[in-house]
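# Here is my input; please provide its structure:
(chains A, B, C and D, ligands or ions: 2)
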Amino acid sequence: MIRDERIPSDELRRIDDEIRSNWETGSEVDFEEAISYHESLPDHKRFADVLESADKPLLQPRAGVPRLDDQIELLEYLHREGQADLLPTTIDSYTRDNEYGKAQEGLEKARETGEDTLNGFPAVNHGVDGCRELIEAIDAPIEVRHGTPDARLLAAITFAGGFQSFEGGPISYNIPYTKRHGLEETIERWQFVDRLAGAYTERGVRINREPFGPLTGTLVPPSIAIAIMLVEGKLAATQGVRSITLGYGQVGNVVQDVAALNALQKLGDEYLPDEVVVTTVFHEWMGGFPPDEARANGVIGLGGMTAAIARPDKVITKSPQEFQGVPTKEANASGLRTTRQVIDMAIEQDIDIDGIEDEQELIERETRCLMETIHEHGDGDVVQGTIEAFDSGALDVPFAPSDSAKGAVLPARDDDGRVRIFEWADLEMDDDIKEIHKARLSRRADTEGRDQSFRMVADDVDAISDGKLIGRPRSTQSQEGA
Amino acid sequence: MIRDERIPSDELRRIDDEIRSNWETGSEVDFEEAISYHESLPDHKRFADVLESADKPLLQPRAGVPRLDDQIELLEYLHREGQADLLPTTIDSYTRDNEYGKAQEGLEKARETGEDTLNGFPAVNHGVDGCRELIEAIDAPIEVRHGTPDARLLAAITFAGGFQSFEGGPISYNIPYTKRHGLEETIERWQFVDRLAGAYTERGVRINREPFGPLTGTLVPPSIAIAIMLVEGKLAATQGVRSITLGYGQVGNVVQDVAALNALQKLGDEYLPDEVVVTTVFHEWMGGFPPDEARANGVIGLGGMTAAIARPDKVITKSPQEFQGVPTKEANASGLRTTRQVIDMAIEQDIDIDGIEDEQELIERETRCLMETIHEHGDGDVVQGTIEAFDSGALDVPFAPSDSAKGAVLPARDDDGRVRIFEWADLEMDDDIKEIHKARLSRRADTEGRDQSFRMVADDVDAISDGKLIGRPRSTQSQEGA
Amino acid sequence: MIGNTMSQTVVLGVIGSDAHVVGITILEQAFSAAGFDVVNLGVQTSQEQFAEAAADHDAGAVLVSSLYGHAEQDCQGFHQVLEEAGVDAVTYIGGNLAVGQDDFEQTRRTFRELGFDRVFDSETDPEEAIAALRQDLEITPTESERVSVSS
Amino acid sequence: MIGNTMSQTVVLGVIGSDAHVVGITILEQAFSAAGFDVVNLGVQTSQEQFAEAAADHDAGAVLVSSLYGHAEQDCQGFHQVLEEAGVDAVTYIGGNLAVGQDDFEQTRRTFRELGFDRVFDSETDPEEAIAALRQDLEITPTESERVSVSS
Ligand code: B12
Ligand code: B12
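Ligands and ions are numbered 1, 2, ... in the order given. Down below sits the predicted model:
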């Protein structure tokens, strides 16, 4: 039975050998040589150090194209024209499915035709040398971003390839990203990823790990996201990771977002061992975007404003073309600069909003309920607790496509636009907290003169792309409209 | 000696006849016929009613091109694609200088070549019929926006042409817009404009008047702007105007901007007669914009956010091409939609920021000092008081190009980005208020390790276009930068 | 097969390894509310699973969703697979069908050529698809049959 | 005229009926700090006022600013007026020189053809103009003379 225990060194080596035989580039990895390679990198390419020592939110876009030279050009562009502080390399979907053969086909087709036939950079196929070429070409730290349930080979290759930050985790890259992978399976696989990062860390190469906070990106109640961040942070810490960036996706209500980011940092510091440096990352709105670049810039502006107030360590920016598809490099850079401008104009201002403490306290209480139930489900073991809690529905994620989560909990916005829980299903929560949500949601139902129903949830899902925060029924909208 | 007194009817008629003979289209004006024309307009084209009954900030762009058909097309576009609630017609610079002959040349050249050889719509040259064609073609209220010291003929023609809102005033369209016009002269001329609006008002056609709040658009301390708004509001009220929209230009500090808009509404209600309906208009940042559309969108986003919190009755939007020149219609519409998105996402949220009351109180006290000095300078007459106060420098506007203002007062941002007064010159202000400014500015000087000087002012002037709110010296920037 | 053309059963799913579930959650809801019997296969559904479910339920329509940009690869040979399973249903595809900022008319052509009866972009309101399906299933069943056979 | 070519006096103003004063306020400050003698004529300055001031002060350079989009009309015949007043100075123009979203290279050509020695866009940092003027006044006075005469 899998538990929250550190993988022994011999076991680490055994798995490492095994997974590296899954694709030809696996054999290029040599741990000792990789350590010296990392040691040879200049300070400004050390991801954890750069992130942890920053004194204002650093900006990072998403970006990945199949060919190496294109990826270099893209990242150089985003660094130069977008003034990104940290860079990403987003991995293609075949690699996420461990279909390295299909990724190879796509890569070759891309090389022949010059078209982007993959939706990301197939790092495994590029191998250690390909990754290093990228690391050397770009004058800033680069993170691997993906969505892979089994990212062991990807980690082995990209760590050896010089990347010092790796997104994801056993829950956050399972529940929102895949249907059929069991949690036990992904936890085991991510224990290896974290153990490998821990092995580098022990040798002085502090690989930064970043659980994916936004989850399904769609109206995720903050406490659910934070609880999952804490679990993944704990799992990573157990395996020896010492630089952990907990994530959170904007819900669009400024008070709730600032409160959530505060709670995330506070609970992260509390729940994770002292030897871990905990930082936070704020993702600009991860749900459906407006099909209009001008309006999308408004969404991005609100994200920047929220970041300026909450001051997370890092912000993942969106582009005005988010709705449409993978953005052009110009649009991607423009999302970065719009965000930078708003943050830099607002960050030196004293903006203390009323009610943040109360909302933060509520989020903390909710998160503690969830952490408590995980603890109980696992008799003190966080791995077992997580598996059991998801199984019973005591822990759940809205809109989860995964068979490992009930996906039965349903969120809706209250009258102030904060995300509350409309359908609790089996989610564990103190009754008085449920009452608070219920009261807030019934106030909204009153305002709108309609019952709480799935219609409200569906309206909320579409609201931001339709130009509002709250999915009001048509009739209320015309009443209040000018 | 000119005083704040209503122009007698016969005098009104005399001047009206006189100014209408200045250009051939003047003879088209027939007051009685114009009243019936206005009565024939549908409710949704009645500017004052639409504005005063709105329950969220209405958006209005700036726009004016020389040819009538182009202007119709432009406004239709901004209404349809920009979802502007209120539309503008911005007048060209020759008309502002009363050079109707040059405007005519420009208009004819525009008609021949299809090029925009004027920077606005020459309404006098288009005449009453041209204006009415515009009013009829557009399904929303339209305001005349200009910058004309002597706008008498423009008012006579556009009012008869069906426009129900008219921007400007004797100070706000003098001090920032022209060098050589005396205040006495512009006050006299605007008394006529207001009296004409008042004459329509008495007949049930409530012409909305909007003093130009941003003044020089460049770091204008809120109390100076508000005092001038109150003076112009009072002058208009004396002449019978009953719908007055007081303006304010964003300075970029959210607390100060919200406080200023609150103070503007409060003092407007207090200082203006009860029979006047006072509304407010917020201008998105009127100073130098970043030479980059992405960053400009950030500036616009901050404007939208401020509007969502302060809830003025109207917002004048900027376009992402503000830096470059007169925007394309697409860019203009995009500024509208970015603003709309931010406002609509944020306006239903409860965002109460600490310190707004205190800042508002300070602004109110400062404004009262200025109003008091005007009162004293004029022995109770606001016209004489204004002329004398500008003359002595007790009332002043930073960066004023006009010979009628000393232009000696210099603003600078404090450490929180609020606009304070660095050089008071002869501006009247209680000593304890001056002390507050001094303390706030010296805190900034300490932070930056430099003396207060014109360099600081110049840095602040460039700051937003350079991507920041506060013009920090390079060295501090690199210290704090990542 | 004649009896099937009027079937109100709609098979819905996200094809390939795409996991974007929110769109089909909304679609399921909307088609059910409009009176269709919806079989929602969820995300990461293979061509074979679509075919099997459509055959099992005598589906009148197969609605394929794809958001992540690999739709073209994922749909190669899909209509062949349906045909082999004896499925004779109207086929729609919708979502975000191309990688990057493509021109939608081009995308529509591509998927029409692959055999889909209708192609929807991601701005599609569920009501549009419902209206289209009502028309295709009840008013012009033979024509839609012809189109899907000639593919 | 030889003596004048090295004059450190700079006449500065905003031409036509343009009232944008902030730019020249900054420029005045920057040129003074750089050691030039600046005669700032302020906004809404006519061609004749520029010429008169330049002649009166034996100016080495005339710096024209225009922001509001009417520069081209306002500068027609300007160099003629300068010449008639006996002014032989380097002439620069800067600011926002065209109405709308024009291509700057095109704008530069237009104003070069009108006779300006250098044309600056509104992204110009005052330091650039100072460096250029130092060069034009001290290092290649004859060349700049030639250009302004041939206009
Ligand atoms: C939320 C989201 C996510 C969430 C998904 C959570 C979940 N499991 O559902 C997360 C964060 C996990 C995610 C992951 C990824 N995403 Co994503 N995601 C989005 C986002 C922001 C919103 C999608 C959404 O939920 N919209 C709301 C719903 C209601 O609308 P919808 O899905 O469009 O569906 C409606 C219509 O399209 C239509 N429709 C849809 N299907 C069909 C079918 C038929 C027959 C009909 C008639 C109509 C129809 O009706 C639906 C209801 O109204 C979009 C961008 C956007 N649209 O703003 C990107 C987007 C779809 N994602 C994208 C990408 C690339 C990915 C990743 C590959 C990214 C990565 N590199 O990590 C992974 C893929 C993982 C995987 N295996 O699938 C790209 C796709 C690029 C492309 N097509 O060119 C997009 C466009 C973002 C972008 N600009 O880059 N994503
Ligand atoms: C503030 C402002 C105003 C204020 C001006 C207050 C005042 N009296 O100064 C107010 C609100 C009154 C105003 C009015 C108008 N404005 Co105005 N204004 C601006 C704005 C926002 C900033 C200008 C500014 O102060 N910048 C800061 C200073 C430091 O920069 P600068 O002026 O560009 O100067 C620097 C450089 O250009 C360069 N430079 C300038 N001149 C020269 C000369 C030389 C030789 C050199 C080397 C360098 C140089 O160095 C300077 C210092 O760094 C600009 C748009 C923008 N840039 O963001 C529009 C802008 C200049 N205005 C514009 C217009 C159209 C007008 C009006 C006609 C608008 C109207 N319809 O009401 C009126 C004109 C009134 C008049 N008679 O002049 C347009 C011009 C359009 C065009 N050229 O195509 C602009 C570009 C806005 C727009 N996008 O439409 N405006």
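# Run a quick neighbour tally on residue A:142.
26 (other C-beta atoms under 10 Å in any protein chain shown). Quick note: C-beta positions are derived from backbone N, CA and C, even for glycine.
# Enumerate every residue touching it.
A:45, A:47, A:75, A:86-89, A:134-135, A:163-165 (C-beta atoms under 8 Å, 6 or more residues apart in numbering or on different chains).
# if I look at the closest residue to it other than its chain neighbours, how far off is residue D:24?
Excluding the flanking residues, the one nearest residue A:142 by C-beta to C-beta, 6 or more residues apart in numbering or on different chains is residue A:87, at 4.6 Å. Counting by C-beta to C-beta, to the nearest Å, the separation of residue A:87 from residue D:24 is 42 Å.
# Chain A contacts on chain C?
By C-beta under 8 Å from any C-beta of the partner chain, the residues of chain C that approach chain A are C:17-22, C:25-26, C:29, C:42-44, C:68-70, C:73, C:96, C:98-102, C:122-123.
# hang on, the earlier thing: of the contacts of residue A:142, which belong to strands?
If you go by DSSP state E, these have A:87-89, A:165 in strands.
# Reformat the residues you listed as JSON lines; add neighbour count, distance to ligand 2 and pLDDT.
Formatted as JSON lines, the ones in strands among the contacts of residue A:142 follow (neighbours: other C-beta atoms under 10 Å in any protein chain shown; distance: C-beta to the nearest ligand atom, whole Å; pLDDT from 0 to 100):
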{"residue": "A:87", "neighbour count": "24", "distance to ligand 2": "31", "pLDDT": "98"}
{"residue": "A:88", "neighbour count": "24", "distance to ligand 2": "33", "pLDDT": "98"}
{"residue": "A:89", "neighbour count": "28", "distance to ligand 2": "37", "pLDDT": "98"}
{"residue": "A:165", "neighbour count": "29", "distance to ligand 2": "38", "pLDDT": "98"}
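# Among these, pick out the one closest to chain D, please.
Proximity of these to chain D (C-beta to the nearest C-beta) peaks at residue A:87, which lies at 27.3 Å.
# hang on, isn't the closest one packed against residue A:58?
No: between residue A:87 and residue A:58 there is no contact under C-beta atoms under 8 Å: 10.6 Å.
# The chain: strands as residue ranges?
Defaulting to chain A. Under the criterion DSSP E, strands of chain A are mapped to A:58-60, A:87-90, A:142-145, A:165-167, A:208-210, A:243-249, A:277-283, A:314-316, A:410-413, A:419-423.
# Switch to chain C, please.
Under DSSP E, chain C gives strands at C:9-14, C:37-40, C:61-66, C:90-95, C:118-120.
# Of the ones you listed, which is nearest residue D:37?
Residue D:37 lies closest to strand C:90-95 among the strands of chain C, at 68.5 Å (C-beta to C-beta).
# okay, and the helix or strand of chain C with the least pLDDT?
When the helices and strands of chain C are scored by mean pLDDT, DSSP states H and E, helix C:141-150 comes last with a mean of 39.
# still on that earlier bit, adding distance to residue A:65, write the contacts of residue A:142 out as CSV.
Output for the contacts of residue A:142, formatted as CSV (distance: C-beta to C-beta, whole Å):
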residue, distance to residue A:65
A:45, 21
A:47, 21
A:75, 10
A:86, 18
A:87, 13
A:88, 12
A:89, 10
A:134, 11
A:135, 16
A:163, 17
A:164, 21
A:165, 19
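# If we ignore the residues flanking it in sequence, what's nearest residue A:463?
That would be residue A:471: by C-beta to C-beta, 6+ apart, it lies 4.0 Å from residue A:463.
# Tell me which residue is most central in chain C.
In chain C, the residue lying closest to the centroid (C-alpha atoms, centre = their mean) is residue C:63, at 2.3 Å.
# isn't that residue right up against residue C:95?
No: applying C-beta under 8 Å as the test, residue C:63 and residue C:95 come out as separate, 10.2 Å apart.
# what's the spacing between residue A:184 and chain C?
19 Å (C-beta to the nearest C-beta, to the nearest Å).
# quick one: pLDDT of the nearest residue to residue A:450 once chain neighbours are set aside?
Counting by C-beta to C-beta, 6+ apart, residue A:473 is the residue found nearest to residue A:450 once chain neighbours are left out, at 5.8 Å. Listed pLDDT for residue A:473 reads 92.
# what's the answer for residue A:451, then?
Listed pLDDT for residue A:451 reads 89.
# That one is in contact with residue A:445, isn't it?
Yes: Residue A:451 is within contact range of residue A:445, at 6.2 Å (criterion: C-beta under 8 Å).
# Is it possible to get TSV of the strands of chain C that adds mean pLDDT and distance to chain D?
Listed next are the strands of chain C as TSV, based on pLDDT from 0 to 100; distance: least, C-beta to the nearest C-beta, whole Å:
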stretch	mean pLDDT	distance to chain D
strand C:9-14	97	43
strand C:37-40	96	49
strand C:61-66	97	38
strand C:90-95	97	36
strand C:118-120	97	36
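# What residues does the residue nearest to residue A:220 when sequence neighbours are not counted make contact with?
With sequence-adjacent residues excluded and distances taken as C-beta to C-beta, 6+ apart, residue A:220 is closest to residue A:398, at 6.1 Å. Residues near residue A:398 by C-beta under 8 Å, 6+ apart: A:216, A:218-221, A:224, A:407, A:409-411.
# Can you report phi and psi for the residue in chain C that chain A sits nearest to?
In chain C, the residue found nearest to chain A is residue C:21; the distance is 3.8 Å by C-beta to the nearest C-beta. The phi/psi pair for residue C:21 (degrees, to the nearest 10) reads phi -100, psi -20.
# what about it, how many neighbours?
Residue C:21 has 25 neighbours, counted by other C-beta under 10 Å.
# how close does residue A:147 get to residue C:33?
Residue A:147 sits at a distance of 32 Å from residue C:33 (criterion: C-beta to C-beta).
# Thanks a lot, catch you later.
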